[in-house]
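Peer 1: sequence plus the predicted model coming up.
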Amino acid sequence: MNLHDARRRRRLSWEQAKRDLGYRDGDPLNLGRLCADRHVDEGRGERVALIHEDHEGQVRRYTFRDLMELSNGWARFLSDQASVCQLDRVCLFLDRTPELYAAFLGILKTGAIAEPLFPVFGEDALTARMLDSGAAAVITSRRHLGKLRRTRSRLPDLRTVVVVDAEPGGQGLRQGEMAFRMEDHRDARFSAAATHAESPSVLHYTSGTTGAPKGALHVHGSVFAQYLTSKVVLDIRDDDVYWCTADPGWVTGTSYGIIGPWSLGATQVVLDGGFSSERWYGTIERHRVSVWYTAPTAIRMLMKDGLDPVRRRDLSSLRHACSVGEPLNPEAVRWGREAFGLWFHDTFWQTETGAIVVTNLPGMPVKPGSMGRPFPAVEAAIVEPGTGVPIAEAGRVGLLAIRPPWPSLMRAYWNNTAAYYGKFLNGWYVSGDRASVDDDGYFWFCGRDDDVINTAGHLVGPFEVESALLEHPAVAESAAIGKPDPVSLEVVKAFVALRPGFEASEELELDIMNFVRKRLSPLAMPQEIAFVDRLPKTGSGKILRRMLRARELGQSAGDLSTMDGG
Ligand code: 6R9
């Protein structure tokens with residue numbers, strides 16, 4: 001970064017985002033309009049918004065005018081025919097199809113709240129999230145309809161299931177299910193709900209140590225943070241082709257896979273389908289991707305396949321690369337240099353922060369292994385657990401904390417005020433991650449301060465896994481921990497005590513694994529199950545997950561006495 005840039009960036013504030021977007025305090029603000037219609041109004045309607053590649057490799061392009069018309073169609077259908085009202089929660093339970101992207105904007109245009117869900121979720125994971133939010137409608141495809149049908153009796157608030165690829169005439173659909181073919185419902189005009197910066201927009205569920213997953217509620221004004229960070233951190237410019245590899249079921253796939261890039265009017269690539277290094281490199285080459293936002297596990301998977309597949313491709317379009325979701329190990333940064341001639345710029349944030357808060361800015365010297373420094377409009381510190389007092393001393397580990405407010409900070413945990421206020425201490429939002437800061441102001445991640453498992457960048461709550469395990473007829477007691485893994489950072493490992501009459505065996509282990517995979521998701525499925533006679537517990541009966549983890553890491557019981565909360 002040259003001196004001029006350094007000065008400019010130090011002065012950054014959220015006000016600049018508002019100015020760029022032509023927003024004045026008190027104006028109406030609707031994310032659906034801002035990400036689509038605004039570009040048509042300002043003469044950018046013919047620019048390509050979405051380059052979509054489906055799982056068979058078929059490519060379709062959508063302009064901002066297409067996005068506007070398709071999201072209008074969604075908004076009209078949802079409000080007129082599916083009786084969706086403002087502030088209703090509308091779930092998206094879809095693969096990464098164009099419908100998912102247009103419907104997301106359409107939901108926001110009606111003033112309802114979009115609740116993206118991972119398409120890999122099983123019945124229990126779905127029910128927990130849709131029951132808690134009281135979702136009124138869900139948009140899905142035939143492929144996922146069966147799972148939804150099995151949850152319906154447990155979801156009294158769910159009125160409508162919209163199926164995007166139903167047979168003509170809605171044949172085979174049941175009561176409460178509606179067919180909607182997006183392409184048949186383009187609409188040039190829809191007058192979006194008069195939402196404003198503080199109106200609720202997106203509800204994203206995230207896992208914690210205890211209890212069911214919590215829904216972080218965001219507002220339309222979050223865009224000021226997503227816009228500015230997409231511009232300054234991801235460095236997306238007018239002529240870029242941007243690719244965010246995340247699914248919108250994960251907050252990265254909405255904040256930076258929809259809102260950020262489209263608030264800028266950028267062209268983005270969406271790839272529907274699983275990972276393979278061939279496919280990923282092919283995507284970059286075919287679509288001339290220039291800015292790439294991905295995650296450490298994916299980088300490590302690419303590393304495993306070596307440099308040959310890289311050398312066979314022309315990846316010269318790549319200009320900037322960023323990473324999020326888990327610690328980015330120095331080897332991955334070094335490999336990125338060798339493979340692509342680029343530094344992977346690590347970025348840190350959470351579902352709750354809504355946008356990047358600590359990061360390596362383009363041009364800033366990268367210290368491999370560090371997450372970088374606070375985004376210039378953000379104040380971050382390391383604070384003392386318990387008191388929230390900032391720690392001045394370089395290198396001392398505490399909790400990473402951010403000074404509220406900022407535009408994309410969650411405004412609530414749905415139905416859980418106590419947990420929400422529990423995140424604030426001494427005037428700081430406390431992330432729940434342990435970190436330290438060095439003399440140059442760079443932040444270094446040390447680990448989470450709770451028992452949440454981070455597998456391939458996805459947070460899995462041990463409580464959710466343990467509850468699913470307990471539903472298996474053979475399981476009497478259960479505990480789930482993160483076991484270190486060279487590729488996925490951690491994988492779920494379960495400890496299980498069996499009910500009388502059941503014997504540990506390989507078949508039973510597989511059966512229990514599959515049981516969890518079906519009920520929750522492949523990510524939450526234990527990769528390993530240890531059968532034990534009983535589980536270590538505190539006096540009050542809480543499972544000592546930390547003791548299990550310490551044993552797993554081969555630490556002695558002596559180490560345990562120094563473990564906080566152990
Ligand atoms: C965006 C997202 C948040 C948790 C967070 C931390 C971990 C995220 C990281 C990172 C080390 C980074 N995390 N970025 N750890 N280095 N650059 O990931 O949201 O799914 O809510 O996860 O992920 O533990 O607290 P979310």
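Peer 2: Cool, the structure landed.

Peer 1: hang on, L459 in a strand?
Peer 2: Yes - when classified by DSSP: H, G, I helix; E, B strand; the rest coil, L459 is found to be part of a strand.

Peer 1: quick one: end-to-end distance for stretch 422-440.
Peer 2: The stretch stretch 422-440 measures 31 Å between its terminal residues, going by Cα to Cα, to the nearest Å.

Peer 1: and for stretch 362-377?
Peer 2: 16 Å.

Peer 1: quick check: buried residues in it?
Peer 2: Judged by neighbour count (16 or more other Cβ atoms under 10 Å), stretch 362-377 contains these buried residues: 362, 364, 366-377. The C-beta positions use only the backbone N, C-alpha and C, and glycine is treated the same way.

Peer 1: so for R549, what's the nearest residue that isn't a sequence neighbour?
Peer 2: Spatially, and ignoring its direct neighbours in sequence, R549 is nearest to I481 (4.7 Å; Cβ to Cβ, 6 or more residues apart in numbering).

Peer 1: ok, that neighbour - contacts?
Peer 2: Residues in contact with I481, defined by Cβ atoms under 8 Å, 6 or more residues apart in numbering, are D451, I453, P462, V492, K493, F495, R545, L548, R549, E552.

Peer 1: beta partners of H204?
Peer 2: In this structure, H204 has beta-bridge partners A216, where bridges are defined by DSSP bridges.

Peer 1: count of neighbours near it?
Peer 2: By the criterion of other Cβ atoms under 10 Å, H204 has 27 neighbours.

Peer 1: which ones are touching it?
Peer 2: Neighbouring residues of H204 by Cβ under 8 Å, 6+ apart: E115, P116, G215, A216, H218, V251, T254, T351.

Peer 1: what residues are up against the nearest residue to the third one once chain neighbours are set aside?
Peer 2: Think G215. If you skip the residues right next to it in sequence, G215 has W414 as its closest partner in space, 3.4 Å away by Cβ to Cβ, 6+ apart. Under the criterion of Cβ under 8 Å, 6+ apart, the contact list for W414 reads D132, S133, L203, K214, G215, A216, L217.

Peer 1: nearest to G395 among these?
Peer 2: Closest to G395 out of these is A216 (31.2 Å), distances taken as Cβ to Cβ.

Peer 1: enumerate the residues of the stretch 101-250 of the chain near the ligand.
Peer 2: With Cβ under 6 Å from any ligand atom as the criterion, the stretch 101-250 of the chain comes near the ligand at residues T206, W250.

Peer 1: how about the closest residue to the ligand within the stretch 101-250 of the chain, phi and psi?
Peer 2: Per Cβ to the nearest ligand atom, the residue of the stretch 101-250 of the chain with the smallest distance to the ligand is T206, at 4.8 Å. As for T206, its main-chain torsions (degrees, to the nearest 10) stand at phi -140, psi 150.

Peer 1: how about stretch 48-60, which residues are buried there?
Peer 2: When burial is assessed from 16+ other Cβ under 10 Å, stretch 48-60 yields the following buried residues: A49, L50, I51, H52, E53, D54.

Peer 1: now render those as TSV, adding pLDDT.
Peer 2: As requested, those are arranged in TSV below (pLDDT from 0 to 100):
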residue	pLDDT
A49	98
L50	98
I51	98
H52	98
E53	98
D54	97
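
Peer 1: narrow these to those in helices?
Peer 2: Counted as lying in helices by DSSP state H, out of the buried residues of stretch 48-60, is not a single one.

Peer 1: what's around A412, how many residues?
Peer 2: That count, for A412 with other Cβ under 10 Å as the rule, works out to 18.

Peer 1: of all the residues in this protein, which one is nearest the ligand?
Peer 2: Among the residues of the chain, T351 lies closest to the ligand, at 3.4 Å counting by Cβ to the nearest ligand atom.

Peer 1: grab the nearest non-local neighbour of that residue.
Peer 2: With Cβ to Cβ, 6+ apart, the residue lying closest to T351 is T206, at 4.0 Å.

Peer 1: does the residue of the chain positioned farthest from its centre count as helix, strand or coil?
Peer 2: Distance from the C-alpha centroid of the chain, by Cα atoms, centre = their mean, peaks at G501 (41.7 Å). For G501, the secondary structure call by three-state DSSP comes out as coil.
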